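# turn this into a structure:
(one chain, ligands or ions: 1)
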Amino acid sequence: MSTGTGRRFPDGFLWGSATASYQIEGAAKEGGRGPSIWDTFSHTPGKTLNGDTGDVADDHYHRWQEDLGHIADLGLGAYRFSTAWPRVQPGGRGPANREGLDFYSRLVDGLLERGVKPVLTLYHWDLPQDLEDAGGWATRDTAHRFADYAEIMAHELGDRVETWTTLNEPWCSAYLGYASGAHAPGRAEPAAALAAVHHLNLAHGLGIQAVRSVLPAARASVTLNLHVIRPVDPSSEQDRDAARRVDALANRAFTGPMLTGAYPDDLLADTAHVTDWSFVRDGDEATAHQPIDVLGVNYYSTGLVRRWDGVSPRSEDDGHADALGSPWVGADDVEFVRPEGPYTAMGWNIDPSGLTELLLRMHREHPGVPMMITENGAAFADTVSSDGAVHDPLRVDYIARHLEAAGQAIDQGADLRGYFAWSLLDNFEWSLGYDRRFGLIRVDYDTLERTWKDSAHWYREVIARNGLPG
Ligand code: FCB
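This next block holds a predicted model:
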């Protein structure tokens, strides 16, 4: 185990931790909140491990003041959280629900009082159910409804928010939600998934426009789970082409419109047998292409692909739970091979070199766009020791190695401004429920008591010294 290389980070580097509304808040039926697609999905038998739901989660809705205390004690410079659209607009449209707004307004004030910068994500997957009933992200109107919601939030929270992030990992929303069905709303309709990709890109652009219509100087962002995809045999043209196809679906389907104003031609060609992309209207790509102040990068592991021979059983080791279909729309001749270990409790391979590679790639392809690592962390099967402590050396090691990898990218020119550990608290890990623990702070799901793991103590030291211990 290594706890550090002694590396220091640039002055002003932002140290944070991240959470998301549905994963921590609970109080699903309180404060005027309407149902989201994750309430419906998690309450559908067979969709989540052990039938877990976010009904109670970490009960952060009631314990937010205690959680602010932990945030302050850790010394976080920033806290990344998301606002639940169905708390603000219970049916996804129409007037705002005052109680929902008040909750977030108090949270933001509490952060500012403690000197912590609020980094807000408007959409971390809890779409109001009524909007899904009207077609969800496969429908264009949802992007316009998102812009209305973004404008409400900008009016309410104004310049108290440090960074406005439109979406978290639209890759997951589109492909896991509408193609594989592993996530809410659990649909397995490949063409709808590509429509969702587009409407999420459009929502991002309209959302930034809406926020800036209220706050012209707002710092705007989006968080993408950019994939590092490697060919099994780099000398094989077929394997390299498999990696290119997956890269188009995973990365360039979003960075294309958002950062360059156009979908890549190869993506449109690769998926032409699934859809004609006629849902993209004139001007949409320009709308998606709003200037952003910082790109949020979520990074956990890498992917390994090759051309499938069409005969042997197809390997689908892409790190995502089995579901109704493949998230890799149109890539029927590609297979995902299990990368070399070690692995976390998610089954994800640990490969910090991928983070260096990814940050340098973004720096090269999109120069001038500063970056923050908005999620990075690991689930392990933590246990509570007889002394009441949670010794999680593997998590410390994981974070230390990834911080060192991030530092190496900075050394080579990447403009990286901050790092957010996923996650502040153990929480509802989507279709895997409460079984996978990512927190720096343990949550006892019987008592809801919070206990700092060793990694929390360690991270506090890292923050205090603006770098890794030697
Ligand atoms: C990311 C999600 C986050 C969390 C981590 C483990 O894909 O954004 O909510 O579930 O994975």
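
# now Lys92. Nearest residue, chain neighbours left out?
No Lys there; residue 92 is Gly. Nearest in space to Gly92, with sequence neighbours left out and distances taken as CB to CB, 6 or more residues apart in numbering, is Pro128 at 3.1 Å. C-betas here are computed from N, CA, C, even on glycine.

# who are the contact partners of the one you found?
Contacts for Pro128 (CB atoms under 8 Å, 6 or more residues apart in numbering) come out as 34-37, 85-86, 89-92.

# of the residues you listed, which belong to helices?
37, 85-86 (DSSP state H).

# Met258: how many residues sit nearby?
Around Met258 there are 25 other residues, counting by other CB atoms under 10 Å.

# in the longest helix along the chain, what counts as buried?
Determined from DSSP H, the single longest helix within the chain is helix 190-214. Within helix 190-214, the residues scored as buried using 16 or more other CB atoms under 10 Å are 190-208, 210-212, 214.

# distance of the residue nearest to Gly92 from Thr142?
Pro128 sits at a distance of 9 Å from Thr142 (criterion: CB to CB, to the nearest Å).

# between the two, which contacts overlap?
What both Pro128 and Thr142 touch, as defined by CB under 8 Å, 6+ apart, is an empty set.

# in the stretch 301-450 of the chain, where is pLDDT below threshold?
Flagging of the stretch 301-450 of the chain using pLDDT under 70 yields an empty set of residue ranges.

# show me where it has strands.
303-307, 334-337, 371-375, 416-422, 441-443, 450-452 (DSSP state E, counting those that start in this stretch).

# kindly reformat the ones you listed as CSV containing distance to the ligand and mean neighbour count.
Compiled in CSV, these are given as follows (distance: least, CB to the nearest ligand atom, whole Å; neighbours: other CB atoms under 10 Å):
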stretch, distance to the ligand, mean neighbour count
strand 303-307, 14, 23
strand 334-337, 17, 22
strand 371-375, 6, 26
strand 416-422, 5, 25
strand 441-443, 15, 22
strand 450-452, 19, 18
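
# to Ala147, which of the ones you listed lies closest?
strand 371-375 (21.7 Å; CB to CB).

# and the stretch 251-400 of the chain, which residues reach the ligand?
For the stretch 251-400 of the chain, the residues in contact with the ligand (CB under 6 Å from any ligand atom) are 298, 375.

# could you do the stretch 101-250 of the chain as well?
Going by CB under 6 Å from any ligand atom, the residues of the stretch 101-250 of the chain near the ligand are 168-169, 172, 225.

# hang on, the earlier thing: right, and the strands of the stretch 301-450 of the chain - which one's nearest Pro234?
strand 303-307 (10.5 Å).

# for the closest one, packing partners?
strand 229-231, helix 237-247, strand 334-337 (3 or more CB pairs under 8 Å, 6 or more residues apart in numbering; DSSP states H and E).

# list the contacts of the shortest one.
I take that to be strand 229-231. Contacts of strand 229-231 (CB under 8 Å, 6+ apart): 239-240, 242-243, 246-247, 250, 302-306, 339.

# what of the last one?
Counting contacts by CB under 8 Å, 6+ apart, the residues outside strand 334-337 that touch it are 232, 242, 245-246, 303-308, 314-318, 328.

# residues near the residue nearest to Arg244 when sequence neighbours are not counted, how many?
Closest residue in space to Arg244, ignoring its immediate chain neighbours: Asp266 at 6.8 Å, by CB to CB, 6+ apart. Asp266: 14 surrounding residues under other CB under 10 Å.

# buried residues, the host helix or strand of Asp266. List them.
Using DSSP states H and E, Asp266 maps to helix 265-270. Residues of helix 265-270 classed as buried by neighbour count (16+ other CB under 10 Å): 267-268, 270.

# format those as CSV; extra columns: pLDDT.
Below are those laid out as CSV (pLDDT from 0 to 100):
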residue, pLDDT
Leu267, 98
Leu268, 98
Asp270, 98
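
# host element of the nearest residue to Arg93 once chain neighbours are set aside?
Of all residues not flanking Arg93 in the chain, Arg145 sits nearest, at 5.4 Å (CB to CB, 6+ apart). Assigned by DSSP H and E, Arg145 falls within helix 141-157.

# hey, what's the angle from that helix to helix 190-214? Just curious.
30 degrees (axes from the mean of the first three to the mean of the last three CA atoms, to 10 degrees).

# any idea how far stretch 310-327 is from the middle of the chain?
22 Å (CA atoms, centre = their mean, to the nearest Å).

# can you give me the end-to-end distance of it?
Stretch 310-327 has an end-to-end distance of 18 Å (CA to CA, to the nearest Å).

# show residues contacting it.
Contacts for stretch 310-327 (CB under 8 Å, 6+ apart): 175-176, 179-182, 186, 188, 190, 193, 300-301, 303-304, 308, 328, 332-333, 335-339, 346-348, 431-432.

# what comes up buried for the host helix or strand of Val108?
Val108 belongs to helix 98-113 when elements are defined using DSSP H and E. Residues of helix 98-113 classed as buried: 100-101, 103-104, 107-108, 110-111 (neighbour count, 16+ other CB under 10 Å).

# got CSV for those, with pLDDT too?
What follows is the buried residues of helix 98-113, written out as CSV (pLDDT from 0 to 100):
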residue, pLDDT
Gly100, 98
Leu101, 98
Phe103, 98
Tyr104, 98
Leu107, 98
Val108, 98
Gly110, 98
Leu111, 98
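
# still on that earlier bit, the helix holding Val108: what's the following helix or strand?
strand 117-123.

# who does that following strand pair up with?
strand 78-82 (parallel), strand 163-168 (parallel) (DSSP bridges).

# dump these to TSV, plus mean pLDDT, mean neighbour count and distance to Pro291.
Below are the strands paired with strand 117-123 laid out as TSV (pLDDT from 0 to 100; neighbours: other CB atoms under 10 Å; distance: least, CB to CB, whole Å):
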stretch	mean pLDDT	mean neighbour count	distance to Pro291
strand 78-82	99	26	21
strand 163-168	99	27	13
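
# kindly reformat these as TSV and extend each row with distance to Ala134.
Formatted as TSV, these follow (distance: least, CB to CB, whole Å):
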stretch	distance to Ala134
strand 78-82	22
strand 163-168	19
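
# and Ser42, what pLDDT?
Ser42 carries a pLDDT value of 98.

# ok, it - contacts?
48, 51-54, 184, 433.

# surely Leu136 and Ala196 touch.
Rather than Leu, residue 136 is Gly. Yes - Gly136 is within contact range of Ala196, at 7.3 Å (criterion: CB atoms under 8 Å).
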